[in-house]
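Visitor: Generate coordinates for the sequence data below:
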Amino acid sequence: MNLDRRLFAEARIARFNLIVTITAGVLNAVLMVAQAWLLSCIVSGVFLGGDTLADAEPRLLLLLAASIGRAGTAWLQTASAAGAAARVKSSLRRRLFEHIAALGPSYTAGERSGELANTLVEGIDALDAYFAQYLPQLALAALVPLTVLLIAFPIDLLSGVVFLVTAPLIPIFMILIGKAADALTARQWGVLSRMSAHFLDVLQGLTTLKLFDRARRQVEAIRMITEQFRRTTLSVLRVAFLSALVLEMVGTISTAIIAVQIGLRLLAARLPFVDALFVLLLAPEFYQALRNLGLRFHAGMSGVAAAQRIFAVLETAPSQTPSPRRTAHGGSTPLSPVWERGKVSALTPPFHIVFDDVHVAYEGEARPALNDVSFEIRPGETVALVGPSGAGKSTIAALLLRFVEPGQGTITVNGEPLAGIPAGAWREYLAWVPQRPTLFDDSAAANIRLARPDATLDEVIEAAKLAHAHEFISALPQGYDTPLGERGARLSGGQAQRIALARAFLRDAPLVLLDEATARLDPANEALIRAAMARLLEGRTALVIAHRLNTVTRADRIVVLEGGRIAQMGTHTDLLAASGLYRRLVGVYGGAA
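Guide: Sure, this is the predicted structure:
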């Protein structure tokens with residue numbers, strides 16, 4: 001019956017709306033019974049009893065009141081059901097977004113952005129009909145026929161038996177057809193998700209596709225995907241229409257059986273006219289509740305199909321993002337004693353960070369990303385990470401950013417386990433400048449102010465000046481109010497890096513993580529950014545991921561990584577004098593790694 005226990009649990013947040021919806025539906029059914037009885041009495045009295053208009057007027061007024069009452073309860077039922085769906089959708093969408101944010105980049109890097117966006121938007125919206133139509137109708141399909149049966153049995157036992165025997169036919173056919181439609185609905189949702197993901201990939205990579213003259217081929221690929229979605233949707237609709245046809249036929253035939261047996265007994269004078277008309281008027285309404293459930297059954301299937309992906313994301317534990325082998329640390333883990341006692345010694349700068357025998361393994365990877373990594377970052381030091389691609393540099397940064405947790409070993413801050421410090425509180429003390437900064441389609445000031453939302457415009461401008469960004473921002477059409485475009489489309493690579501550096505200056509954090517910001521830049525931009533970086537690192541503890549070895553010669557310590565292990569460690573002078581990986585990197589790459 002498409003009763004997913006997880007969706008049913010979500011309905012608790014809107015239980016008041018659902019109770020009002022179902023109550024209004026039952027009241028509507030009671031008023032329908034009253035209408036049928038009043039109409040039967042009026043027709044019987046006028047045509048058989050010789051009642052005048054004055055005699056029938058009280059019942060006509062009651063019939064009018066019942067009709068108005070049914071209109072009111074029908075409106076209340078619809079409005080309350082829509083409110084229930086809106087509350088559940090709003091709660092689920094917020095939780096889903098918060099959970100994706102909690103899972104972090106380690107999770108989203110393995111997913112398709114378009115598919116996740118489709119789940120957040122279309123997937124949640126697909127639940128509207130489930131909570132607004134299917135779930136309330138499921139209750140009404142049981143309560144309304146039961147109400148009619150309780151009234152019909154004392155009046156006409158034979159009709160009550162016919163109701164009782166024919167009523168289960170509709171749910172039986174509905175379930176049989178539903179089993180065939182389940183797989184088609186799930187397939188339709190899967191094709192829609194893949195199509196959304198592919199559309200986003202094509203839009204984001206349109207420049208590359210045009211450059212390699214592959215845009216026309218993608219047009220053909222999109223045509224094939226949309227055709228597949230069209231065929232899948234038509235298959236689902238075909239089953240839905242077949243279901244509606246079968247249910248209408250069963251309802252119509254059952255009503256006809258009631259009408260025939262009542263007519264025969266009425267002709268034989270074995271049933272009073274008023275009772276016969278009353279039961280005959282009840283028959284369509286009795287089956288209508290079950291037919292409505294059949295019509296809503298497709299909405300139930302669509303909701304359940306969408307929910308599978310939604311709950312697959314929600315049930316992904318943050319602790320399982322990098323690897324099922326690592327320790328479970330996250331929001332559900334008890335805080336360390338330092339936090340339980342209300343002390344904040346671990347978060348009192350300057351920081352002394354120690355990696356002790358740290359291991360990290362990503363699911364599906366042949367070898368660990370980090371294996372037996374031990375080093376320290378002393379207060380006020382600048383430690384550089386160098387090594388070939390895939391050596392584990394980014395994983396160490398992800399560990400400090402709390403996007404990844406170690407499978408074995410510990411990371412301590414001022415002697416306290418980093419895993420015991422709430423991630424949000426820890427990140428307040430970090431400034432992160434990635435190699436490819438993310439800029440949003442918002443003003444330049446808003447993009448810088450991400451680092452500190454309460455910052456004044458003067459503080460934003462001061463940060464931009466320190467990052468050598470003030471000059472080019474001032475030259476924009478609207479200055480600091482100029483929208484930068486999606487992913488910073490208005491800016492060059494060097495300008496985007498300076499916006500990221502301005503964020504770090506505005507953050508004014510005691511711990512700085514730099515993913516070599518001068519990579520792939522022209523000499524002029526590189527010089528400006530390197531000067532800004534030098535100013536940023538003054539008096540701060542820093543971890544720098546180096547892609548160009550000539551940028552780390554002044555680091556207090558250089559950690560050389562290879563294959564997830566520490567191959568060498570020391571100053572630039574010491575490592576260059578030794579015969580090892582660092583010396584080979586300098587010689588082979590000419591100062592770049």
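Visitor: Point out where the stretch 101-250 of the chain drops to low pLDDT.
Guide: Judged by pLDDT under 70, the stretch 101-250 of the chain has its weakly predicted residues at 105-115, 174-183, 186, 188-189, 198-201, 203-215.
Visitor: All the helices of it, residue numbers only.
Guide: Along the stretch 101-250 of the chain, the stretches classed as helices by DSSP state H, counting those that start in this stretch are 105-108, 113-118, 124-125, 128-129, 135-155, 157-166, 169-204, 206-211, 215-267.
Visitor: for those, which one sits closest to Phe505?
Guide: Proximity to Phe505 (Cβ to Cβ) singles out helix 105-108 among the helices of the stretch 101-250 of the chain, at 23.1 Å. Where you see a C-beta, it was placed from the backbone N, CA and C, and this is true even at glycine.
Visitor: so which of the helices of the stretch 101-250 of the chain comes closest to Ile396?
Guide: Using Cβ to Cβ, those put helix 105-108 closest to Ile396, at 13.4 Å.
Visitor: Quick one, grab the pLDDT at Val304.
Guide: Looking at Val304, its pLDDT stands at 75.
Visitor: Isn't it up against Tyr130?
Guide: Yes: the criterion here is Cβ atoms under 8 Å, and Val304 meets it with Tyr130 at 7.4 Å.
Visitor: who has more neighbours, the two?
Guide: Tyr130 (26 against 22; other Cβ atoms under 10 Å).
Visitor: Could you check how far that one is from Phe286?
Guide: As judged by Cβ to Cβ, to the nearest Å, Tyr130 and Phe286 stand 25 Å apart.
Visitor: just Leu64 next, same as before
Guide: Between Leu64 and Phe286 the computed distance is 24 Å (Cβ to Cβ).
Visitor: Model confidence score at the residue nearest to Phe131 when sequence neighbours are not counted, please.
Guide: Distances taken as Cβ to Cβ, 6 or more residues apart in numbering place Ala85 nearest to Phe131, at 4.1 Å, with adjacent residues excluded. With respect to pLDDT, Ala85 has a value of 87.
Visitor: what ranges do the helices span in the stretch 351-500 of the chain?
Guide: 393-400, 423-427, 444-449, 457-466, 470-474, 493-507.
Visitor: Those helices: which one's closest to Ser374?
Guide: helix 393-400 (11.6 Å).
Visitor: Summarise which helices and strands that closest one is packed against.
Guide: The contact analysis (3 or more Cβ pairs under 8 Å, 6 or more residues apart in numbering; DSSP states H and E) places helix 393-400 against strand 353-360, strand 370-377, strand 382-386, strand 511-515, strand 541-545.
Visitor: Now do it against strand 511-515, angle only.
Guide: 150 degrees (axes from the mean of the first three to the mean of the last three Cα atoms, to 10 degrees).
Visitor: Contacts for helix 393-400, please.
Guide: For helix 393-400, the external contacting residues (Cβ atoms under 8 Å, 6 or more residues apart in numbering) are 105-106, 353, 355, 358, 360, 369-370, 373, 385-387, 404-406, 411, 418, 430, 432, 511, 513, 515, 543, 545, 561, 564.
Visitor: Quick one: distance of that helix to the chain centre.
Guide: Put simply, helix 393-400 sits 26 Å off its chain's centre (Cα atoms, centre = their mean, to the nearest Å).
Visitor: now stretch 23-43
Guide: Worked out by Cα atoms, centre = their mean, stretch 23-43 lies 44 Å from the chain centre.
Visitor: quick one: contacts of stretch 28-45?
Guide: Here stretch 28-45 makes contact (Cβ under 8 Å, 6+ apart) with 51, 55-56, 59-60, 62-63, 66-67, 69-70, 73-74, 77, 140, 143-144, 147-148, 151, 273-275, 277-278, 281-282, 285, 289.
Visitor: Provide a list of residues in contact with Trp370.
Guide: If you look again at residue 370, you'll see it is Leu, not Trp. Residues near Leu370 by Cβ under 8 Å, 6+ apart: Val358, His359, Val360, Gly392, Thr395, Ile396, Leu399, Pro406, Gly564, Arg565.
Visitor: Could you pick out the buried ones from those?
Guide: Val358, His359, Val360, Gly392, Thr395, Ile396, Leu399, Pro406, Gly564 (16 or more other Cβ atoms under 10 Å).
Visitor: possible to save these as TSV with pLDDT?
Guide: Shown next, in TSV, are the buried ones among the contacts of Leu370 (pLDDT from 0 to 100):
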residue	pLDDT
Val358	88
His359	90
Val360	87
Gly392	84
Thr395	86
Ile396	88
Leu399	87
Pro406	86
Gly564	85
